[in-house]
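Any chance you can model this:
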Amino acid sequence: MALILNLETSTKVCSVSLSKGLEIIGWKEDTEGRNHATLLTVFIDEILKENGIVTEDLDAIAVSKGPGSYTGLRIGVSTAKGMAYALSIPLISINTLKMMASGFLQENEQIGLENDILLCPMIDARRMEVYSAIYDTKLNELRKVEAEIIDENSYKDIIKKKRMIIIGDGAAKCSEYLKHPKINIDSDFMLSSRFMVPLAYDKYEKKNFEDVAYFEPFYLKDFVATIPKKKLLA
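Alright, predicted model coming up:
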């Protein structure tokens, strides 16, 4: 079973977990948005020592690739790339929004059985801007990652046929606009590197690795102020 170190720094959460296959051996995290640059290396050192693991035992490093905080992503990806290069082990990247959707389903198993629910993970950007994507409960991506500004008309076409659950730290500031009986908002949902584990292990099994020399975070710098209307569902 692959021993993978999982790093999440794309939001205000700084989280490190150690997994063996699909089993989570341990984790450490801070949700207060403190200094990722300091906490990340401390958490890595502590979690390895507490579990009697040395870096040479690791089979891969997994890291959240974004979108998210520019500084957080830079810190996490730089650390992951440095370790992967030094240890000559694979680097695995995980889309932050997909990780959020996966984590929500891990914590709410019943929702994963529903076919009429869509998940919309949101990361707070600035003002009314959010980074978001839309997934079904099988984690199929129905709408790619976008930077968008939320208003009272957002998602009206989508919720004609489906219910939607909006999760993440970007959801709270949208609540006054997205008042609809078919939209539920969970702004208390917090990201964790633990949610990365099944996605990272799947990529490890499929040998879906990044090129350590050239891999860069997904900053999502391009911003389109007006989002075209799309009919996602027939």
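
Could you chop this structure up by domain?
3-96+191-205, 97-186 (automatic domain parsing).

looking at these, which is buried most?
domain 3-96+191-205 (a mean of 20; mean count of other C-beta atoms under 10 Å). Placement of C-beta: from N, CA and C, glycine included.

quick one: terminal-to-terminal distance for it?
Terminal residues of domain 3-96+191-205 lie 12 Å apart, using C-alpha to C-alpha, to the nearest Å.

so for it, what's the average pLDDT?
The predicted model assigns domain 3-96+191-205 a mean pLDDT of 96.

on that earlier part again, and the domains of the chain: which comes nearest Val212?
Distance to Val212, taken as C-beta to C-beta, is lowest for domain 3-96+191-205 among those, at 5.1 Å.

Centre of the chain to the closest one, how far?
Centroid displacement of domain 3-96+191-205 relative to its chain, using C-alpha atoms, centre = their mean, to the nearest Å, is 12 Å.

Stretch 103-120 now?
15 Å.

start to end distance for it?
12 Å.

Any chance you could list what contacts that stretch?
101, 121, 132-139, 142, 155, 158, 161-167, 186, 189, 191-192, 194-195, 198 (C-beta atoms under 8 Å, 6 or more residues apart in numbering).

again, but for stretch 173-181
122, 124, 128, 130, 150-152, 154-155, 159, 166, 185, 187.

switch the cut-off to 10 Å
Contact partners of stretch 173-181, identified using C-beta atoms under 10 Å, 6 or more residues apart in numbering, comprise 120, 122, 124-125, 127-130, 132, 149-156, 159, 163-164, 166, 171, 183-185, 187.

Of the residues you listed, which belong to helices?
Per DSSP state H, helices hold no members of these.

possible to save the domains of the chain as a markdown table with distance to Ala213?
Below are these laid out as a markdown table (distance: least, C-beta to C-beta, whole Å):
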| stretch | distance to Ala213 |
| --- | --- |
| domain 3-96+191-205 | 8 |
| domain 97-186 | 24 |
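
Ok, which of the ones you listed comes nearest Tyr219?
Evaluated over the domains of the chain, closeness to Tyr219 peaks at domain 3-96+191-205, with 5.9 Å, by C-beta to C-beta.

and the residue nearest the centre of the chain, what does it touch?
Nearest residue to the geometric centre of the chain (C-alpha atoms, centre = their mean): Thr96, 2.3 Å. Counting by C-beta under 10 Å, 6+ apart, Thr96 touches 8-11, 63-69, 72-73, 121, 123, 131, 133, 145, 168, 191, 195-196, 217-218, 220.

now Leu91
Applying C-beta under 10 Å, 6+ apart, the residues near Leu91 are 60-63, 77, 80-81, 83-85, 209-213, 215.

how about the strands in this structure?
Remark: strands assigned in the chain by DSSP state E are 3-8, 14-20, 23-30, 60-66, 91-95, 117-124, 129-136, 141-149, 163-167, 183-186.

Give me the spatial nearest neighbour of Ala171, chain neighbours excluded.
Using C-beta to C-beta, 6 or more residues apart in numbering and skipping the chain neighbours, the partner closest in space to Ala171 is Ser187 (4.3 Å).

ok, now Tyr204?
Tyr204 sits nearest to Ala2 (C-beta to C-beta, 6+ apart), 5.0 Å away.

Specify the helix with the largest residue count in the chain.
Longest helix in the chain, counting by DSSP H: helix 70-87.

neighbours around the residue nearest to Ala171, how many?
Ser187 is flanked by 17 other residues according to other C-beta atoms under 10 Å.
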